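Asker: got a sequence here, can you build the structure:
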Amino acid sequence: MNARSANKDAHVIRRTWESASSMAHGDARVAGLRTHATTFFQAQSTQSWEVGLTNMAESRHKKGLVLSWAPPWAREAKAMSARKTLIFGVGINDADYVTRSTKVVDGHQKTNWRCPFYQAWSNMLERSYCPKYKVRKPTYAKCEVAEEWLTFSNFRAWMVLQDWQGKHLDKDVLLPGNKIYGPDFCVFISAKLNSFLVGLETSRSKLLPGTHFQKSSGMFNPQCRNPFTGKQEHLGYFVNEQESHDAWRRRKQELAEMYSALQSDQRIAAALRARFASCTEVAQ
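Answerer: Numbers count the residues shown, from 1 in each chain. This next block holds a predicted model:
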């Protein structure tokens with residue numbers, strides 16, 4: 001059986017499975033579909049082929065089972081190709097499994113699932129090594145990734161041991177100003193906590209973070225969003241910009257103390273308590 005014939009048979013089987021997948025409503029039907037496809041494929045070839053499902057995922061956005069498959073020779077070829085291609089010019093994808101599943105919608109291939117470990121890894125590489133991303137997000141201009149994490153399997157081995165579900169990879173909550181993604185200082189934090197920390201060291205205006213100048217009164221009015229209530233808090237009026245900023249930091253410290261009590265990772269809890277402490281101590 002030559003390669004062209006094998007490829008033609010693979011195409012026939014793929015279309016058969018895609019057509020039947022929309023009608024499969026349970027494990028029994030899927031098992032039957034697999035048996036039918038295997039029998040059909042073997043009948044069309046002179047060799048014994050092991051045909052199976054490589055991925056099965058239920059899409060949250062679309063009804064029905066999403067099936068993705070490939071014969072062994074196709075899976076191996078795809079894996080070899082992925083290993084030869086550097087992700088963002090530096091990353092080595094050495095995964096021994098398929099990191100995403102796809103389906104055909106209106107003649108176009110759509111991704112309906114990605115491995116969460118690979119997604120976190122590739123996002124980290126994008127932030128550190130994609131020129132276009134750095135233009136959009138200048139704060140990542142000097143970011144880089146520790147050498148061991150340039151290999152996907154090393155990053156994945158670390159991530160599986162972390163409390164990562166529903167959270168974002170963070171590089172500088174433990175070490176403010178850190179620019180290197182690596183196992184020493186990276187942790188996973190919630191999106192709300194990440195937003196709470198954004199703007200601590202920088203400000204969109206020329207004023208100190210948290211400080212606003214009110215023209216009508218000629219005074220500085222510090223404001224701070226409470227992450228627990230979602231409301232913007234006004235913290236008084238000050239004639240001095242530094243005093244206004246200090247009032248903002250003191251309120252951030254109070255909120256950070258509340259956040260620290262919710263953390264399962266005590267390193268994060270300690271970092272939150274220490275983040276604004278210097279200003280509080282000066283004020284006292």
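Asker: just the endpoints, please. Distance across stretch 167-178?
Answerer: The first and final residues of stretch 167-178 sit 19 Å from each other (Cα to Cα, to the nearest Å).
Asker: phi, psi for residue 99 please.
Answerer: Reported as degrees, to the nearest 10, the phi and psi values for residue 99 are phi -90, psi 0.
Asker: so it versus residue 125, what's the distance?
Answerer: Between residue 99 and residue 125 the distance, using Cβ to Cβ, to the nearest Å, works out to 13 Å. C-beta coordinates here come from the backbone N, C-alpha and C atoms, glycine included.
Asker: so which of those two has more stuff around it?
Answerer: Shown here are residue 99 and residue 125; by other Cβ atoms under 10 Å, residue 125 has more neighbours (23 against 19).
Asker: can you give me the buried ones in the strand or helix carrying the more buried one?
Answerer: According to DSSP states H and E, residue 125 maps onto helix 116-129. Of the residues in helix 116-129, those buried under the neighbour-count criterion (16 or more other Cβ atoms under 10 Å) are 117-118, 120-122, 124-129.
Asker: then the following helix or strand past that helix to CSV, C-alphas only?
Answerer: Proceeding N to C from helix 116-129, the next assigned helix or strand is helix 131-136, under DSSP H and E. This file holds the C-alpha atoms of helix 131-136, laid out as CSV (Å, rounded to 0.1, in the frame of the first residue of the first chain):
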residue,chain,number,x,y,z
PRO,A,131,8.3,41.4,19.2
LYS,A,132,4.8,42.4,18.3
TYR,A,133,3.6,41.5,21.9
LYS,A,134,6.3,43.7,23.4
VAL,A,135,5.2,46.6,21.3
ARG,A,136,1.7,46.3,22.6
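Asker: so what strands line up beside whichever helix or strand comes after helix 131-136?
Answerer: Sequence-wise, the next helix or strand beyond helix 131-136 is strand 144-145, with elements assigned using DSSP H and E. With DSSP bridges as the test, strand 144-145 is paired with strand 180-181 (parallel).
Asker: residues in contact with the partner strand?
Answerer: 124, 128, 143-146, 149, 169, 171 (Cβ atoms under 8 Å, 6 or more residues apart in numbering).
Asker: quick one: which two of these are the most distant?
Answerer: Longest distance between any two of the contacts of strand 180-181 is 14.4 Å, between 144 and 169; criterion Cβ to Cβ.
Asker: how much space separates residue 274 from residue 257?
Answerer: Here residue 274 is placed at a distance of 11 Å from residue 257 (Cβ to Cβ).
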